[in-house]
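> build me a structure from this.
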Amino acid sequence: MIHPRTILVFCLAVLWCTGAMAQQDPDTAKVRARDLGIPFEGRPGPLNAITDVAGVTVGHSTIIEDLENGRAVRTGVTAILPRGRASFDQPVFAGTFALNGNGEMTGTIWVEESGMLEGPVMITNTHSVGVVRDAVISWRVAQGGADESGYWWSLPVVAETYDGYLNDINGFHVRPEHAHQALESATGGPVAEGGVGGGTGMICHEFKGGIGTASRAVGGSDGEFTLGVLVQANYGLRDLLRIAGAPVGQHLQDHKVYTDPALAMRGIPADGETGSIIIVVATDAPLLPHQLKRLARRAALGLARNGSVASNGSGDIFIAFSTANPDAGQSGPATEVTMLSNENMNDLIVATVEATEEAVVNAMVAAKDMRGDNGHLVKAIPHEELKTALRRYNRLDAAAQ
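Numbers count the residues shown, from 1 in each chain. Next comes the predicted model:
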């Protein structure tokens, strides 16, 4: 006879898994930029996602709730694990870069000092960095034994962008269980994009933004490699938006967010870029920390292609890691590592720029209209109007003309 408690635990597990799947499945079927006929350079991986880099997993926890006091919750957490469940036990070489520092990514001082990323990269809203950081440590402790030093030592990498226009950000609705859910639900395969996870309440070029991803396959004399990018896009002004080289923002002027006088009441200038972007670059190419820092810098060029100027109010912070050299973080005797020569990095540099550009557009194309806190409405970029604007500049694939 099955004990009633066993049945209860099983039912709760089914409900939790169903909820996690529900957060991911609807968005994976959304239209992506290439589906609209937008031309991008380079050869994408099979999924055109950061998870094309073998071992990388991504999970989201999405929080959408309308409160009795009239406020609205539109926020969440996204987790990127470089080596899946092994991320805490097998660090990866990494490097970081801040294009503009009006933002936060914890743990980067140690990443720069050690050259290692020891655990996941988490992304949430600005005022939830602390709770997510602590939650990563508690999740690490719950997973198993201490490290070789005898401690569950951790300096988690947690990044943020501000979602206070659509989300009741000072209600502190992100809790430890949401960070745990993002970690537990992290998988390979297609990545949910748009208004999901940490990107739930984000705005990009005054359209609905959020999570976006893309990848590139890179081949050369040193072998075949994959490079993937994931962004949490929450930056930019409409007038500056460029897609596939065309100044489409100048032709898509309806429903501009920052003309709303409520922003001025919050101290946000109506004509200023106020958001941020977090960019995560992953590759299986054997690169050392100083080379990964070079890739992280190049993400800025992909961002510029879409019209970012990294203005004073924008926090543009990037991290790049390599899943090669799995034994590089071991203690004990000296270990050997492999690396590409600097001269052979050019294809990866190009791939970083291309994948960053496409990931941002994917975030915008996947997003849907969202009404949030204080009744604020942010419209998604209109697909047909976008295509019409691109046709003005002959910037659609022939099949989409």
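> so what pLDDT did Gly329 get?
Here, the pLDDT recorded for Gly329 equals 83.
> check Ala217 too.
The predicted local confidence for Ala217 is 98.
> the one 4 residues further on too?
Per-residue confidence for Ser221 comes out at a pLDDT of 70.
> surely it meets Asn344?
Yes - contact criterion CB atoms under 8 Å: Ser221 and Asn344 qualify, at 7.4 Å. All C-beta atoms are positioned from the backbone trio N, CA, C, and that covers glycine.
> tell me which of these two has more neighbours.
Asn344 (14 against 5; other CB atoms under 10 Å).
> give the contact list for that one.
220-222 (CB atoms under 8 Å, 6 or more residues apart in numbering).
> redo those residues as TSV? Include secondary structure.
Below are the contacts of Asn344 laid out as TSV (DSSP: H, G, I helix; E, B strand; the rest coil):
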residue	secondary structure
Gly220	strand
Ser221	coil
Asp222	coil
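> quick check: closest non-adjacent residue to Lys293.
In space, Lys293 comes closest to Gly95 once its chain neighbours are excluded; the distance is 3.1 Å by CB to CB, 6 or more residues apart in numbering.
> what secondary structure does the one you found sit in?
Under three-state DSSP, Gly95 comes out as strand.
> quick revisit: ok, so of the contacts of Asn344, who is nearest Gly37?
Gly220 (29.4 Å; CB to CB).
> which secondary structure element is home to Arg216?
Under the criterion of DSSP states H and E, Arg216 resides in strand 210-220.
> no, scratch that, I was asking about Ser61
strand 57-66.
> then that strand to PDB, C-alphas only?
The C-alpha coordinates for strand 57-66 follow below in PDB (Å, rounded to 0.1, in the frame of the first residue of the first chain):
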ATOM      1  CA  THR A  57      21.700  25.100 -19.600                       C
ATOM      2  CA  VAL A  58      19.200  27.900 -19.100                       C
ATOM      3  CA  GLY A  59      16.300  28.100 -16.700                       C
ATOM      4  CA  HIS A  60      13.600  30.800 -15.900                       C
ATOM      5  CA  SER A  61      11.300  31.600 -13.100                       C
ATOM      6  CA  THR A  62       8.600  34.000 -14.200                       C
ATOM      7  CA  ILE A  63       6.400  35.900 -11.700                       C
ATOM      8  CA  ILE A  64       3.300  37.600 -13.000                       C
ATOM      9  CA  GLU A  65       0.600  38.600 -10.500                       C
ATOM     10  CA  ASP A  66      -1.900  41.400 -10.100                       C
END
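> what's in contact with it?
So strand 57-66 is in contact with 20, 23-24, 49-51, 72-81, 84, 173-174, 178-179, 181-188, 191-192, 195-198, 200, 211, 213, 230, going by CB under 8 Å, 6+ apart.
> check stretch 34-50 too.
32-33, 52, 56, 58, 80, 189-191, 213-217, 226, 228-230, 243-244, 280, 282, 350-351, 354-355, 357-358, 361, 365, 383, 386-387, 390, 395-397, 399-401.
> make it 6 Å
Residues outside stretch 34-50 that contact it (CB atoms under 6 Å, 6 or more residues apart in numbering): 52, 56, 190-191, 213-217, 226, 228, 230, 244, 282, 354, 358, 383, 387, 396-397, 400.
> give me the buried subset of those residues.
Listed as buried from the contacts of stretch 34-50 are 52, 56, 190-191, 213-217, 226, 228, 230, 244, 282, 354, 358, 387, 396; burial here means 16 or more other CB atoms under 10 Å.
> where does the protein have low pLDDT?
Residue ranges of the chain with pLDDT under 70: 1-29, 258-274.
> residues in contact with the residue nearest the centre of it?
Among the residues of the chain, the one closest to the centroid is Val231, at 3.3 Å (CA atoms, centre = their mean). If you count contacts by CB under 6 Å, 6+ apart, Val231 has them with 212, 277, 279, 359-360.
> how about Ala282?
50, 53, 56, 228, 321.
> hang on, isn't the fourth one packed against Val53?
Yes - using CB atoms under 6 Å, Gly228 makes contact with Val53 at a distance of 4.7 Å.
> list the contacts of the host helix or strand of Ala359.
Using DSSP H and E, Ala359 sits within helix 346-366. With CB under 6 Å, 6+ apart as the contact definition, helix 346-366 has outside contacts at 30, 32-33, 40-42, 193-194, 204, 207, 209-216, 218, 220, 227, 229, 231, 233, 243, 281, 285, 295, 298-299, 301-302, 305-306, 381.
> next structured bit after it?
Trace forward from helix 346-366 with DSSP H and E and the next one is strand 370-371.
> partners of that next one in the sheet?
strand 377-378 (antiparallel) (DSSP bridges).
> next helix or strand past the partner strand?
Counting by DSSP H and E, what follows strand 377-378 is helix 383-392.
> tell me where the stretch 151-300 of the chain has strands.
Using DSSP state E, counting those that start in this stretch, the strands assigned to the stretch 151-300 of the chain run over residues 157-161, 203-204, 207-208, 210-220, 223-234, 276-283.
> what's the closest of those strands to Ser314?
Here strand 276-283 is closest among those (CB to CB), at 5.3 Å.
> adjacent strands (with direction) for the closest one?
Here, using DSSP bridges, strand 276-283 pairs with strand 223-234 (antiparallel), strand 315-322 (parallel).
> helices of the stretch 51-200 of the chain, residue ranges please.
Secondary structure of the stretch 51-200 of the chain by DSSP state H, counting those that start in this stretch: the helices cover 108-114, 129-143, 176-184.
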